[in-house]
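1. Quick one: sequence plus predicted model below, questions after.
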Amino acid sequence: MSTQPPEYAKKDFMSDQIIRWCPGCGDYSILSQVQTVFSQLGRPKEEFVVISGIGCSSRFPYYMNTYGFHTIHGRAPGFATGLKVTRPELSVWVVTGDGDGLSIGGNHLAHLLRRNVDLNVMLFNNRIYGLTKGQYSPTSEVGKKTKSTPMGSIDNPFNPLAFAIGSGATCVMRSIDVFAQHLRDTLQAADTHRGTSFVEIYQNCNIFNDGAFDAFTDRAVRDDRILYLEHGKPMVWGKTARWGLRLDGLALQVVQLGDDLDESHCLVHDATNRVLATMLADLDGSDGFPVPVGLFYSVQRPTYDGAFGAQIREAKVRLGEGDLHQLLHAGDTWKV
Amino acid sequence: MNQADTKNLEQVVIRFAGDSGDGMQVVGSQFTRTSALVGNDLATLPDFPAEIRAPAGTREGVSGFQIQLADHQIFTPGDQADALVALNAAALVTNLGAVRPGGIVIVNTDKFAKLDLDKARLSSNPLEDGTLDGYRVIRAPISTMTKDAVEPLGLKTKEADRCKNFYCLGVVYWLYGRPLDATEAWVRRKFKSPYLEANLAALHAGHAWAETSELFQNHYAIPSASLPSGDYRNITGNMGIALGLAAAAVKSGATVFYGSYPITPASDILHNLAPFKHFGVATFQAEDEIAAVCAAIGASYGGAIGVTGTSGPGLALKAEAVGLALTAELPLVIVDVQRAGPSTGLPTKTEQSDLMQAMYGRNGESPVAVIAASRPNDTFEVALEAVRLSVKYRTPVILLSDGYIANGAEPWTLPDIHAIPRIPIDYAKAEEAETFQPYARDPETLARPWAVPGTPGLEHRIGGLEKQDRTGNVSYDPANHQKMCELRAEKILRMRADIPPTQVHGSADGTLLIGWGSTFGAIRTVTDQLLADGHRIAHVHLRHLNPLPGDLGDVLSRYERVLVPELNLGQLVRLLRDLYLVDARPISKIQGQPFFTSELRARVVAAMA
Ligand code: SF4
């Protein structure tokens, strides 16, 4: 057996299936980045498993030349947990969407995150139902007019990152379908983290919710609207002007950098600070605030699969390999 | 000294009833252990309320335990009790109907004050108003006598009162000539000082009181039964299934992964399995029923033996995932410990009303294998059989048990573990990569390869979308869909090759009683009684419900009358009528209770008239 990490090209991770997403869908870019990243992680191809639920995003496994399981609506975390705890050496990736992960599967996602199973979740957030043809989703904005909400939706949306942090996630990140390099870096980081890595990926559905993220992803405005979060770096952004985040009491405040203020006056990102992560997750680009992407939160906590395996090993050390004869004859037995 | 004569009994039915906080289940299980150790055949039935502790003294809070023991083979916990121990007024009035006329009733007279009668919703005192006429009543101030017995130990009043179940046990041990040593040893293991001494004191005081009080005319002996030779232990259905699953892990060498969400009456399987980690059993308490089955399927996908356990409401929630497992063609065992439905129903009461749900409760054409345990002592074997079929045919197998089997206990002949066949696990291998197709099939079983992640060269995708024959690629082709539906159905039918010929107990023609599940005991007893009376009658009890045994049609055709006793409104009977065009008739009961042999006998006789 060679211990040399395998050499792969992106095409080694491309399956032979015809891709059935709409032309122009943001899913294409995500697929391409994932294929590239997998080829560079230095793991044998057979160790990757991609598990999805139902929805446009959940067709993802069919297009990856890895092991893949397209399961049922909202339940991918359950399948992934059962697999990972019995086969901890595998690299397990859950693909879900805003409907799959936060509506029908919200319960399972919350429990996956609190357990901290060592796997990676990519939640493609397009703020709409695509596969069922255009109903509002649990991340759609209030007032969204769709086929099922002709007068505008009246539900307050979920904030996926706040949901993840609140559920006890140990690693919370965000990237965007069209930010190819950033997305690849984010997925690399997800792979490295021990525990559940939760990655929200803003994904454009050009059929039912086109341009949902244009306000901050358009090339013309991007640099002035996006805050790239990096642990230990001051939180500053902007090209036409430079801006920074400061604390004003218990709230974040935007300040313009210039003659009196510079980076040293801005808040330094601490990805281990849960309160800060929650405040950052709340920023949505309104009121002059940026849209943060990158690493919001990352801490180390024992993984569920690690503890699961440790208990089994401990039982074997304490009690020895199970003796079936002894087990059946345990307690009160008698002879006839 | 009591000069009571010892009378020999062939069999006796005893019932204990008290508050759910009174420890009646402990008394029952101690009596069961001791009786088993002296060599009686026996069967037991606990009867407890759904509430953990309904208000003390109320009818709703009454917990009961019935045991039948005999000097010969028996199959049920008995119909009517020969003796009842009632620890309070509510327990007396709710259980008296279960006692035969002339039976012994031992009552704790300390619990018949005005307040006790009020809590039991009684306007007059049953000790005085004639309610107990026609019974042999033993009036015993059990609470007071228990208090006196444990007094030297300085317990608080409440703690002292809690020893009264052992006092009762002492009384009944004397009455039925049982030795005290097994229970003494158990108390020593289980309790710490001063409760250890207190419980022993209560046990001995009860025994001594019964012996010296001269209230009993007789005491009884039940000689040992002549059972087949072997090593025995008592087993409940929920323990038998857990042991069977542990054995499956050992015999396959694969991990048995048990994913479950607590639900009455299946939770004990999870409790029983959790300490079996060193046998290769992994247990997972999921966030809900759906996650439990999904995790089990995920484990199977990775090469473990995925098992999930539940009751009827949980099976309903798992339906979609079971459909995925059957189209993904992965092993999966679903244990359904049935309870009375629909909806939440009667959670602690027994019923056989999930057969149709097991057969058909999924969207689409979705056949799965269905097998059933028939008594506590076949659950071990049935659990192994479920795993064996599931692994061999790569398909979900639903194992039906029920509350009566799950919590009932009877002696079980311990199997020779070397005689249990291995469960072969044949994952697809990397060497097959060149020719590998995820949906190619074994020509005999129609099973597809079990290609687990981590195997180089076998990377492939599966899912709930229809798959092309052989390649497993997503396919919307109409003819392919028909072919795949037929293949999945055919695969289940191929299991007939694994089903032994139908065993017929009784005559070769005449009336056939055909049943499944926990009605075994009642049907077998009635059949034996009617055979002894000279009737032409036979009993077939089905373990395999889907597919049914290949020879069943022939068997049915030999009888002029086919009767199907079931604890539902007629489910197996519909399957039989549907599949065999036979004029099978139902004998239904749906009261949350098993058949009494006397009532079943009367209904069978009426149907034969
Ligand atoms: S409907 Fe939207 S999300 Fe779905 S494939 Fe088309 S563009 Fe993509």
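-> Received the coordinates, thanks. Numbering: from 1, shown residues only, chains lettered A, B, ... in the order given.

2. Return the backbone torsion pair for the residue positioned nearest the centre of chain B.
-> Nearest to the mean C-alpha position of chain B, by Cα atoms, centre = their mean, lies residue B:405 at 1.4 Å. Main-chain dihedrals, residue B:405, degrees, to the nearest 10: phi -70, psi -40.

3. which residues sit in contact with it?
-> Applying Cβ atoms under 8 Å, 6 or more residues apart in numbering or on different chains, we find residue B:405 in contact with B:237, B:337, B:373, B:374, B:375, B:376, B:379, B:517, B:518. Bear in mind the C-beta positions are built from the backbone N, C-alpha and C, glycine included.

4. Using PDB, write down the CA coordinates of stretch B:306-324.
-> Once non-C-alpha atoms are left out, stretch B:306-324 reads as follows in PDB (Å, rounded to 0.1, in the frame of the first residue of the first chain):
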ATOM      1  CA  GLY B 306     -29.000  -1.100  10.300                       C
ATOM      2  CA  VAL B 307     -31.800  -1.700  12.700                       C
ATOM      3  CA  THR B 308     -34.500   0.600  14.000                       C
ATOM      4  CA  GLY B 309     -37.100  -0.200  16.700                       C
ATOM      5  CA  THR B 310     -40.400   1.500  17.300                       C
ATOM      6  CA  SER B 311     -44.100   1.000  17.800                       C
ATOM      7  CA  GLY B 312     -47.000   1.700  15.400                       C
ATOM      8  CA  PRO B 313     -47.000   5.500  15.500                       C
ATOM      9  CA  GLY B 314     -43.200   5.400  14.800                       C
ATOM     10  CA  LEU B 315     -43.600   3.000  12.000                       C
ATOM     11  CA  ALA B 316     -45.900   5.500  10.300                       C
ATOM     12  CA  LEU B 317     -43.300   8.200  10.600                       C
ATOM     13  CA  LYS B 318     -40.600   5.900   9.200                       C
ATOM     14  CA  ALA B 319     -42.600   4.900   6.100                       C
ATOM     15  CA  GLU B 320     -40.900   7.200   3.600                       C
ATOM     16  CA  ALA B 321     -37.400   6.100   4.800                       C
ATOM     17  CA  VAL B 322     -38.300   2.500   4.600                       C
ATOM     18  CA  GLY B 323     -39.400   3.100   1.000                       C
ATOM     19  CA  LEU B 324     -35.900   4.500   0.300                       C
END
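
5. That stretch and chain A, are they touching?
-> Yes: using Cβ under 8 Å from any Cβ of the partner chain, stretch B:306-324 reaches chain A at B:306, B:320, B:321, B:324.

6. can you pick the most crowded of those residues?
-> residue B:306 (32 neighbours; other Cβ atoms under 10 Å in any protein chain shown).

7. from memory that one sits against residue B:292, does it?
-> No: checked against Cβ atoms under 8 Å, the pair residue B:306 and residue B:292 is beyond contact range at 10.0 Å.

8. quick one on the thing from earlier: distance of the residue nearest to the centre of chain B from residue A:262?
-> 76 Å (Cβ to Cβ, to the nearest Å).

9. cool, and residue B:500?
-> To residue A:262, residue B:500 is 85 Å away according to Cβ to Cβ.

10. Compare those two (neighbour count), which wins?
-> Here residue B:500 and residue A:262 are compared on neighbour count by other Cβ under 10 Å; more neighbours surround residue A:262, at 13 against 9.

11. Quick check: the gap between that one and the ligand.
-> Applying Cβ to the nearest ligand atom, to the nearest Å, the value for residue A:262 to the ligand is 42 Å.

12. before we move on, what about residue B:359?
-> As judged by Cβ to the nearest ligand atom, residue B:359 and the ligand stand 37 Å apart.

13. For that residue, which residues are in contact?
-> Contacts for residue B:359 were tallied using Cβ under 8 Å, 6+ apart; they are B:370, B:545, B:546, B:575.

14. and with 6 Å instead?
-> Contacts for residue B:359 (Cβ atoms under 6 Å, 6 or more residues apart in numbering or on different chains) come out as residue B:546.

15. What is the subsequent helix or strand relative to the host helix or strand of it?
-> Applying DSSP states H and E as the criterion places residue B:359 in helix B:355-360. With elements assigned by DSSP H and E, the helix or strand that comes after helix B:355-360 is strand B:369-372.

16. Up against the ligand, what does the stretch 51-200 of chain A have?
-> Proximity of the stretch 51-200 of chain A to the ligand (Cβ under 6 Å from any ligand atom) is limited to residues A:56, A:126, A:130.

17. Out of the residues you listed, who's the most crowded?
-> For those, the largest neighbour count, defined by other Cβ under 10 Å, is 31 neighbours, found at residue A:126.

18. Go ahead and confirm that one touches residue A:208.
-> No: in this structure, residue A:126 is not within contact of residue A:208 by Cβ atoms under 6 Å, at 7.9 Å.

19. ok so, going back, mind saving the C-alpha coords of the helix holding residue B:359 as CSV?
-> Extracted in CSV, the C-alpha atoms of helix B:355-360 (Å, rounded to 0.1, in the frame of the first residue of the first chain):
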residue,chain,number,x,y,z
LEU,B,355,-50.0,-5.9,9.9
MET,B,356,-51.5,-3.9,7.1
GLN,B,357,-49.3,-1.0,7.8
ALA,B,358,-46.2,-3.2,7.7
MET,B,359,-47.4,-4.8,4.4
TYR,B,360,-48.7,-1.7,2.6
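
20. before we move on, back to that, which of the residues of the stretch 51-200 of chain A next to the ligand fall within strands?
-> Among these, no residue falls in strands (DSSP state E).

21. Just to be careful, could you list which of those are in helices?
-> Judged by DSSP state H, these include no members of helices.

22. Please state the offset of stretch B:527-536 from the chain centre?
-> 27 Å (Cα atoms, centre = their mean, to the nearest Å).

23. Let me see the mean pLDDT of that stretch.
-> Averaging pLDDT along stretch B:527-536 gives 97.

24. again with stretch B:333-345
-> For stretch B:333-345, the mean pLDDT works out to 97.

25. Same question for stretch A:309-317.
-> 97.

26. helices or strands up against the one helix or strand residue B:563 maps to?
-> In the assignment (DSSP H and E), residue B:563 maps to strand B:561-566. Helices and strands touching strand B:561-566, by 3 or more Cβ pairs under 6 Å, 6 or more residues apart in numbering or on different chains; DSSP states H and E, are strand B:511-516, helix B:572-580, strand B:585-588.

27. What are the contacting residues of it?
-> B:352, B:511-515, B:519, B:523, B:556, B:572-573, B:582, B:584-587, B:600, B:607.

28. shaky segments in chain B?
-> Within chain B, the stretches with pLDDT under 70 are B:1-4, B:50.

29. Up against chain A, what does it have?
-> Residues of chain B lying close to chain A (Cβ under 6 Å from any Cβ of the partner chain) are B:33, B:37, B:227, B:229, B:231-233, B:247, B:250, B:255, B:257, B:277-279, B:287, B:291, B:294-299, B:301-302, B:304, B:320, B:324, B:414, B:417, B:453-456, B:459, B:461-464.
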